[in-house]
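Enquirer: have a look at this fold, sequence not included:
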Ligand SMILES: [Zn+2]
């Protein structure tokens, strides 16, 4: 089977599912995908997603290519934002980790974050599904990354910190992933997870054109409530939530492009400013959130 069809909510198991919206894969296939909502726990997820064996074809886009240096304004914004965000991510880890030790990054890409942490004294490891990205991590930073989480072999409690920067929404076996996080994280360890926020102000504004639906590559769409419920199922509690304030500019630019807005750039900048001001006072409406978690 190349398609995964859900009859029950992947989070709470309820069969009371309803249509939430239909979004288009603007990057690769241009196919439509339905997003379902669980009537009992409000979890949102993409229905009829390609199976783990079949989804690789949906990543064959320049957007997801590690070799691709984006050009133009969006490319410049992306590179600048990445630099700022790398610093912010490192600061976030130092703020919550009990000590400098071992760190695992799942969905490590080309290894920019791991390299940053290595320079700060951390013993680092990483998993990355894309072979091209793994090769780049090796050539750019001398990092030897494992493949996906299922092939990686780590000792129980091996890591003081585990990070997933926009990776969890791409992984099919959500509960299997959380089991591994619990197994690999030290008893006093810190888990850091960044995911798009489907209850954000920009998600509401752009509706089915919100770029962070990113169907079918984004399998799960987390609100703060759904995320906390999932974490609790696996013995984790959310101890803090932080904003990723720059994501909204990139997401808004992409969303305006999907809407074919005539003044998309100006509109994206204007709306991003408004979304950011709003999220300063209502963090649960931020475009992307960083969750800091500890074991119960
Ligand atoms: Zn549910």
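Expert: Looks like it came in fine. Nothing here was measured: the structure is a model prediction, and the numbers come from that model.

Enquirer: now do the helices in the stretch 101-250 of the chain.
Expert: All helices of the stretch 101-250 of the chain, identified by DSSP state H, counting those that start in this stretch, fall at 112-119, 131-141, 174-184, 201-206, 224-233, 247-259.

Enquirer: mean neighbour count, distance to the ion and mean pLDDT for these - can I get that in TSV?
Expert: To be clear about C-beta, it is placed using only N, CA and C from the backbone, and glycine gets the same treatment. Compiled in TSV, the helices of the stretch 101-250 of the chain are given as follows (neighbours: other C-beta atoms under 10 Å; distance: least, C-beta to the ion, whole Å; pLDDT from 0 to 100):
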stretch	mean neighbour count	distance to the ion	mean pLDDT
helix 112-119	19	32	96
helix 131-141	17	33	96
helix 174-184	17	12	97
helix 201-206	20	19	93
helix 224-233	18	8	97
helix 247-259	22	25	86
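
Enquirer: can you redo the ones you listed as CSV with distance to residue 98?
Expert: Output for those, formatted as CSV (distance: least, C-beta to C-beta, whole Å):
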stretch, distance to residue 98
helix 112-119, 15
helix 131-141, 26
helix 174-184, 16
helix 201-206, 34
helix 224-233, 19
helix 247-259, 28
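
Enquirer: of all the ones you listed, which lies closest to residue 2?
Expert: Taking C-beta to C-beta as the measure, those were each checked against residue 2, and helix 174-184 came out nearest at 19.4 Å.

Enquirer: out of the helices of the stretch 101-250 of the chain, nearest to residue 277?
Expert: Smallest distance to residue 277 across these (C-beta to C-beta): 9.8 Å, for helix 201-206.

Enquirer: which helices and strands sit right next to that closest one?
Expert: Helices and strands touching helix 201-206, by 3 or more C-beta pairs under 8 Å, 6 or more residues apart in numbering; DSSP states H and E, are helix 247-259, helix 264-281.

Enquirer: which among those helices is found nearest to residue 79?
Expert: helix 247-259 (11.2 Å).

Enquirer: which strands and helices lie in contact with that closest one?
Expert: helix 72-96, helix 201-206, helix 264-281, strand 288-295.

Enquirer: dump these into JSON lines; add distance to residue 228 as well.
Expert: Below are those laid out as JSON lines (distance: least, C-beta to C-beta, whole Å):
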{"stretch": "helix 72-96", "distance to residue 228": "17"}
{"stretch": "helix 201-206", "distance to residue 228": "18"}
{"stretch": "helix 264-281", "distance to residue 228": "18"}
{"stretch": "strand 288-295", "distance to residue 228": "8"}
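
Enquirer: out of the ones you listed, flag the one nearest residue 37.
Expert: When those are ranked by proximity to residue 37 (C-beta to C-beta), helix 201-206 comes first, at 13.0 Å.

Enquirer: secondary structure element holding residue 34?
Expert: For residue 34, the enclosing helix or strand under DSSP states H and E is strand 32-38.

Enquirer: now find how far off-centre that strand is within its chain.
Expert: Between the mean C-alpha location of strand 32-38 and the chain-wide mean there is a distance of 18 Å, by C-alpha atoms, centre = their mean, to the nearest Å.

Enquirer: separation between the residue of the chain most remote from its centre and the ion?
Expert: Centroid-distance maximum for the chain: residue 262 at 29.4 Å, with C-alpha atoms, centre = their mean. Residue 262 sits 40 Å away from the ion when distances are taken as C-beta to the ion, to the nearest Å.
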